[in-house]
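Colleague: Okay, here's the prediction I keep looking at, along with the sequence it came from:
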Amino acid sequence: MGSETHLFDSFECAIHALAPVCAHCGCRILGHGFEADNLFYCCTHCANQHGGHGMEERLETEESRA
């Protein structure tokens, strides 16, 4: 991560050491997440509850791919 090297014996240990934490609920963020003003959120609900306004999930549908 960056210029640092880490060695873990399990994916779970890597998650606890390196995954960002949601600024609202405190859960570890795996996958996409959201970032606003250098804060990370696990979902739009948490981002909006913590003061980030107007954040929406973008879901890809058959219609949006056409």
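Modeller: Yep, it's here.
Colleague: Rounded mean pLDDT for stretch 6-23, please.
Modeller: For stretch 6-23, mean pLDDT is 91.
Colleague: can you tell me the distance between the two ends of it?
Modeller: End-to-end distance of stretch 6-23: 24 Å, with CA to CA, to the nearest Å as the criterion.
Colleague: Residue numbering should commence at 27 henceforth.
Modeller: In the new numbering, first residue 27, that becomes stretch 32-49.
Colleague: Report the distance from it to the chain centre.
Modeller: 13 Å (CA atoms, centre = their mean, to the nearest Å).
Colleague: which parts of that stretch are buried?
Modeller: 48-49 (16 or more other CB atoms under 10 Å). C-beta coordinates here come from the backbone N, C-alpha and C atoms, glycine included.
Colleague: For it, which outside residues touch it?
Modeller: 27, 53-56, 59, 65-69, 72, 76 (CB atoms under 8 Å, 6 or more residues apart in numbering).
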